[in-house]
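>>> pasting the sequence and the predicted model now:
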Amino acid sequence: MITMSIRLPDSLHKQVKKLAEQEGISMNQFITLAVAEKMSALVTVDYLKERAKRGSREKFEAVLAKVPDVEPEEHDRL
């Protein structure tokens, strides 16, 4: 594990401190989780873009064609 020194605006530092206290974790844990969540979101976007390249409009439409053309049940109506 490495140690990093980062600069945060005072307002951001105060908010991180407040939220970390509310969550019952250290500021270090809070920032580590925030970085991990951001990385996960970016990796997911890349994964979905790559997955979309392998998609097939024809296969998608074939699957949709199998869905019955019926009205939704009462509890599913808008």
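Structure received. Numbers count the residues shown, from 1 in each chain.

>>> elements contacting the longest helix anywhere in the chain?
When the chain is parsed with DSSP state H, its longest helix is helix 27-53. If contacts are counted by 3 or more Cβ pairs under 8 Å, 6 or more residues apart in numbering; DSSP states H and E, helix 27-53 sits against helix 10-23. In this view, the C-beta of every residue, glycine as well, is placed from N, C-alpha and C.

>>> in terms of secondary structure, what does the helix it packs on contact?
helix 27-53.

>>> could I get the buried residue list for the helix it packs on?
Across helix 27-53, burial judged by 16 or more other Cβ atoms under 10 Å covers 30, 31.

>>> heading C-terminal from it, find the next helix or strand.
Sequence-wise, the next helix or strand downstream of helix 27-53 (DSSP states H and E) is helix 57-65.

>>> centre of the chain versus the longest helix of the chain, how much separation?
Relative to the centre of its chain, helix 27-53 is centred 7 Å away, using Cα atoms, centre = their mean, to the nearest Å.

>>> the inter-axis angle of that helix versus helix 10-23?
Counting by axes from the mean of the first three to the mean of the last three Cα atoms, to 10 degrees, helix 27-53 lies at 90 degrees to helix 10-23.

>>> tell me where the model's unsure across the chain.
Within the chain, no stretch has pLDDT under 70.

>>> swap in 90 and give it another go.
1, 4, 72, 77-78 (pLDDT under 90).

>>> any idea which residue sits dead centre in it?
Central residue of the chain (Cα atoms, centre = their mean): residue 41, 4.7 Å from the mean position.

>>> mind listing what it touches?
Contact analysis of residue 41 by Cβ atoms under 8 Å, 6 or more residues apart in numbering lists nothing.
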